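Trainee: Take a look and give me a structure for this.
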Amino acid sequence: MVALHAGAEGFTHGLGFVTLSWLWLTGFLYRRLGFRPAGVAILIFPSLYALFFNHFTGLPLFISLFVLLLSPEFKLSARMQKLFNWAGDVSYPLYLFHMQVIAVLASLGCRNSAALVAAALGVSVAALYGVDYPCRKLFGTAARYRLVTAQA
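Mentor: Numbers count the residues shown, from 1 in each chain. This next block holds a predicted model:
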């Protein structure tokens with residue numbers, strides 16, 4: 001028997017469908033309402049509800065942010081575009097080096113997760129500025145950034 005206070009976690013079958021079906025509904029309503037305040041609210045409020053009431057997987061919030069960022073009405077300042085481009089640049093060295101840095105520091109006895117993340121990010125930034133950017137200059141292959149916009 002399913003307890004009334006248990007929420008979707010009380011189900012044994014179809015849990016994925018039950019917990020993620022609201023994503024379909026919010027996407028449908030957002031498509032109908034567009035970038036008007038009601039459409040943005042319908043896209044954001046279910047994610048906030050999931051975040052604050054412990055039904056959060058991360059996916060709903062990232063889908064909401066992704067849709068809003070790709071919306072043609074949403075414009076980023078030049079400073080924010082530079083920040084996002086830099087984050088994209090540092091993501092590959094972070095992907096390459098994070099496990100090695102964490103393994104070395106863990107073997108040395110470091111158990112502080114903030115220190116492990118900071119060290120992995122520090123090594124990645126050093127690799128970006130010490131290897132990636134100089135190689136781009138040396139070989140003449142500057143990064144090509146373009147603004148991604150949604151097609152109407």
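
Trainee: Can you give the contact residues for the helix or strand hosting A118?
Mentor: Secondary structure from DSSP states H and E places A118 in helix 113-127. Identification of contacts with helix 113-127 by Cβ atoms under 8 Å, 6 or more residues apart in numbering yields 90, 93-94, 96-98, 101-102, 105-106, 110. (Each C-beta comes from the backbone N, C-alpha and C, glycine too.)

Trainee: Relative to G140, which of these is nearest.
Mentor: Top of the list for closeness to G140, among those and by Cβ to Cβ, is P93 at 20.4 Å.

Trainee: Identify each buried residue in the strand or helix carrying the closest one, please.
Mentor: Here P93 sits within helix 78-107, counting by DSSP H and E. For helix 78-107, a neighbour-count test (16 or more other Cβ atoms under 10 Å) marks 89-90, 93-94, 97-98, 101-102, 105 as buried.

Trainee: Mind splitting the protein into its structural domains?
Mentor: Domain ranges of the chain: 4-70, 78-139, per automatic domain parsing.

Trainee: Worst mean pLDDT among these?
Mentor: Lowest mean pLDDT within the domains of the chain: domain 4-70, a mean of 66.

Trainee: and after the helix holding A118, which helix or strand comes next?
Mentor: Heading C-terminal from helix 113-127, the first helix or strand you meet, by DSSP H and E, is helix 133-139.

Trainee: Pull out the buried positions in that following helix.
Mentor: In terms of neighbour count (16+ other Cβ under 10 Å), helix 133-139 has no buried residues at all.

Trainee: which strands and helices sit next to that helix?
Mentor: Contacts defined by 3 or more Cβ pairs under 8 Å, 6 or more residues apart in numbering; DSSP states H and E place helix 133-139 against no helix or strand at all.
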